[in-house]
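>>> coords please:
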Amino acid sequence: MTTPTDDRDPLAVYRASLTVPYADRPATGVSRPNAHLDARDLDILVDRSVTLNRRSGARAGDFIRLLDGSERRIAYCWDDGVQTTDHGSFYLGDGGISYSGGLDAAITLDRVRPIRHISRLGRVWFFHHDQWRAHSSVHGWLDFRVYEEVGG
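Residues are numbered from 1 along each chain as shown. Have a look, this model is predicted:
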């Protein structure tokens, strides 16, 4: 069954986009994407997500649907724009997301609009039990905001 799309309805457009592969998308039907985390790591994930969600506007880690229909993650936020990526590593720290990897060209903020009432699971990593050492990363999933690029 295909989902009908209406370019005027961002929710319909977004639902249709879910059929397009994205490297970090968890399998569909995953109801507990963080079930693999132990209690201490889950507490770290939840505490840091609360801090992250207090930040307004576009943030590193959020998703954006570009004019060409592709989807990227916001990797870096400037005062007047954002830069995106379709790969890389998103570290969940105490104050937000840090990104490591390559960046696409900037998109000015006047061309970035939130798609309301939609979130998207995005993969993040942090240190197991917050112990900073080699080979100690754990990965989790958080809900991120979704934006769209508008013509400019």
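>>> give me the mean pLDDT for the strand ranked longest in the chain.
The residue-count maximum for a strand in the chain (DSSP state E) belongs to strand 112-127. For strand 112-127, mean pLDDT rounds to 92.
>>> ok, and what's touching the longest helix anywhere in the chain?
Longest helix of the chain, by residue count under DSSP state H: helix 39-53. Helix 39-53 is contacted from outside by 34, 37, 59, 61, 92-97, 124, 126, 128-130, 138, 140, 142-143, using C-beta atoms under 8 Å, 6 or more residues apart in numbering. In short, each C-beta sits where N, CA and C put it, glycine included.
>>> recalculate using a threshold of 6 Å.
For helix 39-53, contacts defined as C-beta atoms under 6 Å, 6 or more residues apart in numbering pick out 92, 96, 129-130, 138, 140, 142.
>>> farthest pair in these?
Across the contacts of helix 39-53, no pair lies farther apart than 96 and 129, at 20.2 Å, counting by C-beta to C-beta.
>>> neighbour count for these two, which is higher?
residue 96 (16 against 12; other C-beta atoms under 10 Å).
>>> any chance of the contacts of helix 39-53 in TSV, with distance to residue 112 and secondary structure too?
Output for the contacts of helix 39-53, formatted as TSV (distance: C-beta to C-beta, whole Å; DSSP: H, G, I helix; E, B strand; the rest coil):
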residue	distance to residue 112	secondary structure
92	22	strand
96	18	coil
129	36	helix
130	32	helix
138	31	strand
140	26	strand
142	20	strand
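>>> now list the buried members of these.
92, 96, 138, 140, 142 (16 or more other C-beta atoms under 10 Å).
>>> who does the last one bridge with?
It refers to residue 142. Note on residue 142: beta-bridge partners by DSSP bridges are residue 122.
>>> ok, the first one next?
Residue 92 has these beta-bridge partners by DSSP bridges: residue 97.
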